[in-house]
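Show me how the following folds:
(chains A, B, C and D)
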4 protein chains.
Amino acid sequence: MIDIFTTGGTIDKVYFDALSEYKIGATALPDILAENNVFVAHRVTQLMRKDSLELTDEDRAAIHAAVANSDANKILVTHGTDTMVQTGCILADIPGKTIVITGAMQPATLRNSDAEFNVGFALAATQTLPPGVYIAMNGEVFDPATARKDRAAHRFIHQ
Amino acid sequence: MIDIFTTGGTIDKVYFDALSEYKIGATALPDILAENNVFVAHRVTQLMRKDSLELTDEDRAAIHAAVANSDANKILVTHGTDTMVQTGCILADIPGKTIVITGAMQPATLRNSDAEFNVGFALAATQTLPPGVYIAMNGEVFDPATARKDRAAHRFIHQ
Amino acid sequence: MIDIFTTGGTIDKVYFDALSEYKIGATALPDILAENNVFVAHRVTQLMRKDSLELTDEDRAAIHAAVANSDANKILVTHGTDTMVQTGCILADIPGKTIVITGAMQPATLRNSDAEFNVGFALAATQTLPPGVYIAMNGEVFDPATARKDRAAHRFIHQ
Amino acid sequence: MIDIFTTGGTIDKVYFDALSEYKIGATALPDILAENNVFVAHRVTQLMRKDSLELTDEDRAAIHAAVANSDANKILVTHGTDTMVQTGCILADIPGKTIVITGAMQPATLRNSDAEFNVGFALAATQTLPPGVYIAMNGEVFDPATARKDRAAHRFIHQ
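A predicted model of the protein is given here:
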């Protein structure tokens, strides 16, 4: 069983015409998994709908609790990219679980989004990596302790 | 370095209006990797443009040679889904390399294709699994020795 | 009321994995109209699911009858592009109706299809042109008597 | 010759990861016309990149001047939907030209955008309607004097 927790971020942004702006909507994960014919046992729980710059200490505590209390030892977290590394560091004290964090630079609702690719990549990492916390972005696995988002380059780098 | 060999299959099918039919075109892999901001070191070689039902013994020997002769020990092969398992079995005697085979049920040119998700998934599997040959489809890793495509269900199963 | 008759053609092609080929499926028109928030009164009838090279004299007689017998005087016909002009010529004897024929060079299921644009264009032409028969392709209105498909150039031209 | 003036609005919105928000980018029109194989003579001029709620009197005067001074008598204007009607009313005093205003409820960069359909529809209206000013939205032609955007229903209505 893979436990998938969604927290919001760009991956879940949809365009609201009524507001003429982008807002974080219902998580894109169930649709992505269904459209790509994923049958491996999993469960999706939407923990929150927040831009990761707006995540509070309480939010991160809630993410930590959800992951720590899960009866699964394979955990996938979708998260905004701006503070993905910070959340990764906070989850590092949870033993015995493979915890993979991913997200997207472009909303899943866009024609040219990296959402499907990233979720596919992260889902494999969740199933194949040993226990620990990992950032899965740009087709690469990063250690939260040494990863950094390079905003200008639209990518994560090992620092 | 990840060596990516493409052989054709549904993932590379494009619609040719002049013929009113689908044909296997130039491989979709470079575009998929570029659009998803993949920077991990890799090399793409298009070995052939064939429907996997049309692959001959010579074709499989050529795939085997390309993989065996590669100086990389992480290999990703894109392949038609119908005989992906057979090719996987033939590659099983190559030691010391992680060889992951993937493809798509719907062409990458389609709006609702599984191509990006599958390539993302396979790219992670290539980097994280120990040496061996694997089928990466439907968000799951299969052993070619026990995998089977269930055409009616549009998915691979462990038999 | 706009009467929309669909006959098949590339616009309605979907990829069948079980056959590893493209087949003409259920018409794409209702989805295209719904996704684009079209509320103008209309009715969609799928007359046949044929590649236009396979249309027989009986098929064209059936299209003629459907159009002639409609109680609407605004008619939109979706049709394969290869013999769209021939069908247009046959419909030319129907008086008092604006009859617009359109289709697509790339299936509506493709990421880069001309289906939505062409249906939008044709729907406007149906509502704004005087009675007569017209081919609506490539962002232009053609007279079937002088239109020709230039296969190599993927476009219709005035000959 | 069709003169196409773009002013911004939702149709031209792209997602900027660096800002985690949507901004109006380079106009989507040239890409839409190229991808849909439009060969009819036209010219695209990006007048401004503004949300239509932010258009000032000076902006509308600039749009009016561009349209009035064009040597073409077929004019297509892309515009945000919120004040499309106001701009339409202001252009109503320009004689001898068919002026069609369109836009989109969802950015052209989205998977399920109405941009291509609407531009196709408007391009036909521009070529087929008599001189006057028209709003082309939701697969229908509206008179700016009696059209209204119903935000809650995501559509224009005749009031």
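
Show residues contacting the worst-scoring helix or strand of chain A on mean pLDDT.
When the helices and strands of chain A are scored by mean pLDDT, DSSP states H and E, strand A:21-24 comes last with a mean of 79. Outside strand A:21-24, the residues that touch it by CB atoms under 8 Å, 6 or more residues apart in numbering or on different chains are A:8-9, A:12-16, A:49-51, A:107, D:15, D:21-22. C-beta here means a position set from N, CA and C on the backbone, and glycine is covered the same way.

Can you tell me which of these are buried?
A:8-9, A:12-13, A:15, A:49-51, A:107, D:15, D:22 (16 or more other CB atoms under 10 Å in any protein chain shown).

if I've got this straight, A:Thr126 is in a helix?
Yes: under DSSP: H, G, I helix; E, B strand; the rest coil, A:Thr126 falls within a helix.

Strands of chain A, start to end?
Using DSSP state E, the strands of chain A run over residues A:2-8, A:13-16, A:21-24, A:42-50, A:74-78, A:98-102, A:132-137, A:140-142, A:147-150, A:155-158.

quick one: the closest residue to A:Asp3 other than its chain neighbours and chain C, what's the gap?
Closest residue to A:Asp3 apart from its sequence neighbours, by CB to CB, 6 or more residues apart in numbering or on different chains: A:Ala72 at 4.0 Å. Counting by CB to the nearest CB, to the nearest Å, the separation of A:Ala72 from chain C is 31 Å.

residues near the residue lying closest to A:Glu140 once chain neighbours are set aside, how many?
Spatial nearest neighbour of A:Glu140, excluding adjacent residues (CB to CB, 6+ apart): B:Val40 at 4.8 Å. B:Val40: 15 surrounding residues under other CB atoms under 10 Å in any protein chain shown.

go on, A:Arg60?
With other CB under 10 Å as criterion, A:Arg60 counts 17.

do the one 10 residues further on as well
Applying other CB under 10 Å, we find 19 residues neighbouring A:Ser70.

which one is it nearest to, not counting chain neighbours?
Closest to A:Ser70 by CB to CB, 6+ apart is A:Asp3, at 4.5 Å.

rewinding a little: ramachandran coordinates for the residue nearest to A:Glu140?
In terms of degrees, to the nearest 10, the main-chain angles of B:Val40 are phi -60, psi 140.

nearest spatial neighbour of the residue nearest in space to the middle of chain A, skipping sequence neighbours?
By CA atoms, centre = their mean, chain A has its centre lying nearest to A:Thr78, at 1.7 Å. Take A:Thr78 and drop its neighbours on the chain: the residue closest to it by CB to CB, 6+ apart is A:Thr6, 4.6 Å away.

wait, what's in contact with that neighbour?
A:12, A:27, A:29, A:44-47, A:77-78.

Separate out the buried members of the residues you listed.
For the contacts of A:Thr6, a burial check counting by 16+ other CB under 10 Å picks out A:12, A:27, A:29, A:44, A:46-47, A:77-78.

so can I have JSON lines of these showing distance to A:Thr56 and pLDDT?
Shown next, in JSON lines, are the buried ones among the contacts of A:Thr6 (distance: CB to CB, whole Å; pLDDT from 0 to 100):
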{"residue": "A:Asp12", "distance to A:Thr56": "18", "pLDDT": "94"}
{"residue": "A:Thr27", "distance to A:Thr56": "20", "pLDDT": "94"}
{"residue": "A:Leu29", "distance to A:Thr56": "23", "pLDDT": "96"}
{"residue": "A:Val44", "distance to A:Thr56": "23", "pLDDT": "98"}
{"residue": "A:Gln46", "distance to A:Thr56": "17", "pLDDT": "97"}
{"residue": "A:Leu47", "distance to A:Thr56": "13", "pLDDT": "98"}
{"residue": "A:Val77", "distance to A:Thr56": "17", "pLDDT": "98"}
{"residue": "A:Thr78", "distance to A:Thr56": "18", "pLDDT": "98"}
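
list the contacts for the residue nearest to A:Asp3?
By CB under 8 Å, 6+ apart, the neighbours of A:Ala72 are A:1-3, A:43, A:97.

again, 7 Å this time
By CB atoms under 7 Å, 6 or more residues apart in numbering or on different chains, A:Ala72 lies in contact with A:1-3.

now swap in A:Met105 and tell me
With CB under 7 Å, 6+ apart, A:Met105 has these contacts: A:10, A:81, A:114, A:154, B:37, D:17.

List just the nearest of those residues to D:Asn138.
A:Thr10 (29.3 Å; CB to CB).

I figured the closest one hits A:Gly103, correct?
Yes: with contact defined as CB atoms under 7 Å, A:Thr10 and A:Gly103 form a contacting pair (6.4 Å).

Report the set of residues contacting both of those two.
A:80-81.

circling back: going by mean pLDDT, which of the strands of chain A comes out lowest?
Here the lowest mean pLDDT among the strands of chain A goes to strand A:21-24, at a mean of 79.

mind listing what that one pairs with, with the direction of each?
With DSSP bridges as the test, strand A:21-24 is paired with strand A:13-16 (antiparallel).

Just the CA trace of the partner strand, in CSV.
Taking C-alpha atoms only, strand A:13-16 is exported to CSV below (Å, rounded to 0.1, in the frame of the first residue of the first chain):
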residue,chain,number,x,y,z
LYS,A,13,-3.5,24.9,-9.4
VAL,A,14,-6.6,25.5,-11.6
TYR,A,15,-7.7,28.6,-13.3
PHE,A,16,-10.8,30.3,-11.8
